[in-house]
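A.B. asks: Attaching a predicted model along with its sequence, questions to come.
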Amino acid sequence: MATPVGHGLAGLSLLWLAGRFFSGLRPMRLAWLAIFFALLPDFDFLPGLLIGKPAAFHHGISHSLGFGLLASLIGSLSARRSTRRPTGVIFLLLFFCYSSHLLLDYFGNDARPPYGIPVFWPVTSELYLSPIPLFPGVRHVRHTDGHVYEWVRGVFSWHNVWGIAVETLLLLPITLASAWRQLIRRDQPENSKAAWSSWWSL
Ligand SMILES: [Zn+2]
């Protein structure tokens, strides 16, 4: 699995690569939506935290394309009114952001059994993990039934700082390039000024 920093950068990159479909919308609100959906699969920590075993449900069905389709459908229907864009366009953005999470986790270093994620659930519950990890991955508990104390101690480790550094090094250039492409439109250089000034408007 990758860190929240890597997932957030992937979501922002996708949003800005698709920027022309969202021109005129409030960019900060869209950015939060893209980041939220890029992080959403890891919210499977929450039910585990409630029972004192944060990883009990981690890397379960929330890390699948099937669950991503459902979540993106609900998200796009909910966001349709506030974005005033066709539901299909919003759905694609949310689904790509959600899928980027699965892609990064697939290429992450998984240090806790069972290894991998059920990408194609509900078609199959088989777990998938790249044989060659690109990212150091996050470390927290060593076993699915690890307790909250072990989880918190593991999250704040030097290994995870290293993971954030590698993801930033690999993904930040892509994010900056997509942001540049979005802000400095090829044929409308004056748009960059307006985009910067509207960036913080909610
Ligand atoms: Zn994940």
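C.D. replies: That came through fine. Residues are numbered from 1 along each chain as shown.

A.B. asks: Flag every buried residue along the helix ranked longest in the chain.
C.D. replies: Assignment by DSSP state H gives helix 158-183 as the longest helix of the chain. For helix 158-183, a neighbour-count test (16 or more other C-beta atoms under 10 Å) marks 160, 163-164, 166-167, 170-171, 174-175, 178-179, 182-183 as buried. From N, CA and C alone the C-beta is placed, and that goes for glycine too.

A.B. asks: where do the helices sit along this protein?
C.D. replies: 4-17, 27-39, 45-50, 65-83, 87-106, 148-155, 158-183, 191-198.

A.B. asks: Which one of the ones you listed lies nearest to the ion?
C.D. replies: If you check each of the helices of the chain against the ion by C-beta to the ion, helix 87-106 wins as the nearest, at 4.4 Å.

A.B. asks: Run through the residues that contact the residue most central in space within the chain.
C.D. replies: By C-alpha atoms, centre = their mean, the mean C-alpha position of the chain lies nearest to residue 38, the distance being 2.0 Å. Taking C-beta atoms under 8 Å, 6 or more residues apart in numbering, we find residue 38 in contact with 7-8, 10-12, 14, 97-98, 100-101.

A.B. asks: I'd like to know which of those residues are buried.
C.D. replies: Counted by 16+ other C-beta under 10 Å, the contacts of residue 38 give 7-8, 10-12, 14, 97-98, 100-101 as buried.

A.B. asks: Close to the ion: what parts of this structure are there?
C.D. replies: Within reach of the ion by C-beta under 5 Å from the ion, the chain has these residues: 1, 41-42, 105.

A.B. asks: could I get those as JSON lines with neighbour count, distance to residue 156 and pLDDT?
C.D. replies: Below are the residues of the chain next to the ion laid out as JSON lines (neighbours: other C-beta atoms under 10 Å; distance: C-beta to C-beta, whole Å; pLDDT from 0 to 100):
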{"residue": "1", "neighbour count": "27", "distance to residue 156": "16", "pLDDT": "80"}
{"residue": "41", "neighbour count": "26", "distance to residue 156": "22", "pLDDT": "97"}
{"residue": "42", "neighbour count": "20", "distance to residue 156": "16", "pLDDT": "95"}
{"residue": "105", "neighbour count": "26", "distance to residue 156": "21", "pLDDT": "95"}
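
A.B. asks: what's around residue 51, how many residues?
C.D. replies: 11 (other C-beta atoms under 10 Å).

A.B. asks: swap that for residue 58, please
C.D. replies: 22.

A.B. asks: how far away is the residue nearest to the centre of the chain from residue 103?
C.D. replies: Distance, residue 38 to residue 103, using C-beta to C-beta, to the nearest Å: 10 Å.

A.B. asks: what's the overlap in contacts for these two?
C.D. replies: With C-beta under 8 Å, 6+ apart, residue 38 and residue 103 have common neighbours residue 10.

A.B. asks: Same list (the helices of the chain) but as a markdown table, adding distance to residue 118.
C.D. replies: Below are those laid out as a markdown table (distance: least, C-beta to C-beta, whole Å):
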| stretch | distance to residue 118 |
| --- | --- |
| helix 4-17 | 18 |
| helix 27-39 | 18 |
| helix 45-50 | 16 |
| helix 65-83 | 9 |
| helix 87-106 | 10 |
| helix 148-155 | 22 |
| helix 158-183 | 22 |
| helix 191-198 | 39 |
